[in-house]
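Enquirer: sequence and predicted structure below; questions after.
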Amino acid sequence: MSNQLNPAQKAAVRYLDGPLLVLAGAGSGKTRVITQKIAYLISECDVAPRHIAAVTFTNKASREMKQRVSQLLGKKNMKGLRVSTFHTLGLDIIRQELNALGLKTGFSIYDSADSLALIKELMRKAFGDHGDQADQMQWRISGWKNAFIIPEQATGLAEDAQGHASARVYEAYNHHLRTYNAVDFDDLIMLPVMLFRDHAEVLEKWQARIHYLLVDEYQDTNATQYELVKQLVGIRSALTAVGDDDQSIYSWRGANPENLALLNEDFPQLKVIKLEQNYRSSGRILKAANALIGNNPHIFEKRLWSDLGYGDPIRVIRCKDDEQEAEQVVHELMHHRFRNNNKHKDYAILYRGNHQSRQFERLLRQHQIPYYLSGGTSFFAYTEIKDIMAYLRLLSNPDDNNAFVRIVNTPRREIGPGTLEKLANYSDQRENSLFTSCFEIGLQHHMSDRAYQNLNTFANWVISMAHQAENSNPIEAVKNLINDIRYETWLIDSCKDEIIATRKMDNVKELTTWLERMHKKAPEATLADLVSKLILLDILDRDDEEKGDCVSLMTLHAAKGLEFPHVYLVGMEEELLPHRNSIEQETIDEERRLAYVGITRAQQTLTLSLTAQRKRYGDTTDCEPSRFLQELPQEDLQWTGTGIEVNKEEQHERGMSHLATLRGMLTPEG
DNA sequence: TGGGGTGATATTTTT
DNA sequence: TATCACCCCA
């Protein structure tokens, strides 16, 4: 890829006369446009870095962006530049406007596990026992927050008793979060928007701070995020939004691809620039991608092209069942790699659902091919990390009930479920956090002296540790704390396996190493600052570059934004891609975009695979080829597959059902 | 407190 | 069919 910008890219970089929407097709160099534009603003237009904000969705994207800007400008010339995720931007705002929001310093950020636990508890209390529906409730509440709907509005919108009940849980949930001096992920966006709506002077302050706003992956913004963008941009309208409606695959999570069209309405002066030259894929792959996505309705028409040559045919491997699919794909991959002397990391196997990875993993292991499986357990899901994080959270925010409950008896302090129950009842009555209740005289009458003593000792210990963290080096304080609670001994005692205990302790050490590193970078930051930063940052992001030479296995969702020389898109069947639920809900368009995202990941070769049968919930079911296969240019597809012979016999037995169509597709000119 | 038995449940998940 | 969360019991 050359360093020069093409005319469309250049126009997007230079355009500053008003709001701009850059419709950036897959592989059209959108990150380059954003980073070059930042550089242009700073070095050519004399905009101070601190007046520019670029917002992304993932830490990874924001890291990459920062890095590329610093390549263009040098680190010292970008001081003050704000490149962050939406959530980090929200966190910054909240942190600086605490009082107006009714939060206290050191507030906690509840991750989804925390919020689920809270919702579960509330549902148990309010509705007897509907704790098993907590995840649906969490989903609903998050949906409301993403759509900028407050509890009162949710109540108003409720159509039945169940809706009312849900709105009540939402209300209670928010109320409890505030009591615990905590916010959840969605609040990080929602609270700033509410604040800006109600306090013009605060909004003005932030508008004065951010003179130019750039938003990446604009099609993924939800209603609340769009509101935040509109507020910050204000009448100045200095906005560059970059997005691609064809790559909108998160609407099930509240993303509003219509925001692209809304931009047109909300900013009548909106300028639209299309990036249609693709620097990634062969002409044939793009032709296929264009053909497929042509079946979707479009507000903005665009047509990707490339001058990278026409390339190899798209292969379609037809298999007997999912087991054979894995065999054939892996064999094909191995041979291709060997013939072309490629690296493992040149290859990716993409699929619709996580469960599809299994067969492939098995075979890759069998052939000793190193692979990288995206979407494992998050670092923060480990119990030992949760424990330590809970301690750290409690130090900065003693009112954090989740943290309190988690570690009050870990390691053991003889504060059992009975005592906790009594404490909880008491604090409920008083509308206080558990921690605060520990100090109340009235509590004594509700439990044994011994229990009361234990609680008191613990609470005082928390205070002294918090004091230490505040008044000396926070990292030292953390290390002290881990020693103080004898966490290592506790791990060894509680794990049967010494190796596991060591591994867990290693994780804990890694956590402190991270804190140390962050502390070095920002010596002024308090422990609370470090902890909240840590929560928004998925540590597992780190092995991006340390991934090594591995075949990538991932879902289509996870593949967005990535590219590979050779891509295998597997499971091209009805009910899988498009997924069964999407067929029922008639949201085929998004599934088509998902397939589109998969296809456009490929640089040189693309191989699709499908099976005639698949094991599903126990029994084997027949599969039909995905409708998307028929939407591809048939003359560019090359069908192969060894499953055909086997199927010939079955065909008689089954009386030529759908297999006839399959065979039709296997013969060219069918 | 953990392990085993039981029953429900089976897309995608940036923060 | 496999997994996972949950409950109960020792």
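Expert: Good, I have the coordinates.
Enquirer: C-alpha only now, for contacts and for neighbours.
Expert: Fine.
Enquirer: may I have stretch A:49-62 as CSV, with CA atoms only?
Expert: Extracted C-alpha coordinates of stretch A:49-62, given in CSV (Å, rounded to 0.1, in the frame of the first residue of the first chain):
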residue,chain,number,x,y,z
PRO,A,49,-3.9,18.4,20.0
ARG,A,50,-5.9,18.9,23.2
HIS,A,51,-8.8,20.2,21.2
ILE,A,52,-9.1,17.1,19.1
ALA,A,53,-10.9,13.9,20.2
ALA,A,54,-11.0,10.7,18.2
VAL,A,55,-13.4,8.1,19.4
THR,A,56,-13.4,4.3,18.7
PHE,A,57,-15.2,1.3,20.0
THR,A,58,-12.4,-0.9,21.0
ASN,A,59,-9.3,-0.5,22.9
LYS,A,60,-7.5,-2.2,20.1
ALA,A,61,-8.7,0.3,17.6
SER,A,62,-7.8,3.2,19.8
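Enquirer: is it positioned near DNA strand B?
Expert: Yes. Stretch A:49-62 is in contact with DNA strand B by C-alpha under 7 Å from any atom of the strand, via A:57, A:58, A:59, A:60.
Enquirer: list, one by one, the residues from chain A near DNA strand C.
Expert: Counting by C-alpha under 7 Å from any atom of the strand, chain A sits next to DNA strand C at A:131, A:132, A:616, A:617, A:618, A:619.
Enquirer: closest one to residue A:479 out of those residues, please.
Expert: Using C-alpha to C-alpha, residue A:131 comes nearest to residue A:479 of the residues of chain A next to DNA strand C, at 36.7 Å.
Enquirer: longest strand in chain A, by residue count?
Expert: strand A:602-611 (DSSP state E).
Enquirer: other SSEs contacting that one?
Expert: helix A:283-293, strand A:314-319, helix A:322-340, strand A:564-569 (3 or more C-alpha pairs under 8 Å, 6 or more residues apart in numbering; DSSP states H and E).
Enquirer: again, only using 7 Å
Expert: If contacts are counted by 3 or more C-alpha pairs under 7 Å, 6 or more residues apart in numbering; DSSP states H and E, strand A:602-611 sits against strand A:314-319, strand A:564-569.
Enquirer: which residues are in contact with the last one?
Expert: Read it as strand A:564-569. Contact with strand A:564-569 is made by A:346-351, A:598, A:601-609, as judged by C-alpha atoms under 7 Å, 6 or more residues apart in numbering.
Enquirer: in the following helix or strand past it, what counts as buried?
Expert: Using DSSP states H and E, the helix or strand that follows strand A:564-569 towards the C-terminus is helix A:580-584. Residues of helix A:580-584 classed as buried by neighbour count (16 or more other C-alpha atoms under 10 Å): A:582, A:583.
Enquirer: off-centre distance for helix A:580-584?
Expert: Chain-centre distance of helix A:580-584: 23 Å, with C-alpha atoms, centre = their mean, to the nearest Å.
Enquirer: same question, stretch A:7-14
Expert: Centre to centre, stretch against its chain (C-alpha atoms, centre = their mean), the figure for stretch A:7-14 is 30 Å.
Enquirer: and that stretch, what's buried?
Expert: A:8, A:9, A:12, A:13, A:14.
Enquirer: and for stretch A:518-525?
Expert: Buried residues in stretch A:518-525, counting neighbours by 16+ other C-alpha under 10 Å, are found at A:518, A:519.
Enquirer: mind checking the end-to-end distance for it?
Expert: The straight-line separation of the ends of stretch A:518-525 (C-alpha to C-alpha, to the nearest Å) is 9 Å.
Enquirer: partners of the longest strand of chain A in the sheet?
Expert: Strand A:602-611 sits in its sheet next to strand A:314-319 (parallel), strand A:564-569 (parallel), going by DSSP bridges.
Enquirer: so what's whichever residue of the stretch 201-350 of chain A sits closest to DNA strand C scoring on pLDDT?
Expert: As assessed by C-alpha to the nearest atom of the strand, DNA strand C sits closest to residue A:323 within the stretch 201-350 of chain A, at 11.5 Å. Per-residue confidence at residue A:323 stands at 90 (pLDDT).
Enquirer: so who does it touch?
Expert: Counted by C-alpha under 7 Å, 6+ apart, residue A:323 has contacts residue A:359.
Enquirer: from chain A, which residue is nearest to DNA strand C?
Expert: residue A:618 (2.8 Å).
Enquirer: kindly tell me how buried that residue is, as a neighbour count.
Expert: 7 (other C-alpha atoms under 10 Å).
Enquirer: go on, residue A:261?
Expert: Neighbours of residue A:261 using other C-alpha under 10 Å come to 15.
Enquirer: mind telling me what element it is part of?
Expert: With DSSP H and E as criterion, residue A:261 is part of helix A:259-266.
Enquirer: what separation is there between the nearest residue to residue A:304 once chain neighbours are set aside and residue A:7?
Expert: Spatial nearest neighbour of residue A:304, excluding adjacent residues (C-alpha to C-alpha, 6 or more residues apart in numbering): residue A:276 at 4.6 Å. Look at residue A:276 and residue A:7: by C-alpha to C-alpha, they are 11 Å apart.
Enquirer: quick one on the thing from earlier: dump the strands paired with strand A:602-611 to JSON lines, plus mean pLDDT and distance to residue A:188.
Expert: Formatted as JSON lines, the strands paired with strand A:602-611 follow (pLDDT from 0 to 100; distance: least, C-alpha to C-alpha, whole Å):
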{"stretch": "strand A:314-319", "mean pLDDT": "94", "distance to residue A:188": "44"}
{"stretch": "strand A:564-569", "mean pLDDT": "97", "distance to residue A:188": "34"}
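Enquirer: in TSV, list the ones you listed along with mean neighbour count and distance to residue A:339.
Expert: Below are the strands paired with strand A:602-611 laid out as TSV (neighbours: other C-alpha atoms under 10 Å; distance: least, C-alpha to C-alpha, whole Å):
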stretch	mean neighbour count	distance to residue A:339
strand A:314-319	23	17
strand A:564-569	24	13
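Enquirer: in CSV, list these along with distance to residue A:381.
Expert: Formatted as CSV, the strands paired with strand A:602-611 follow (distance: least, C-alpha to C-alpha, whole Å):
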stretch, distance to residue A:381
strand A:314-319, 37
strand A:564-569, 30
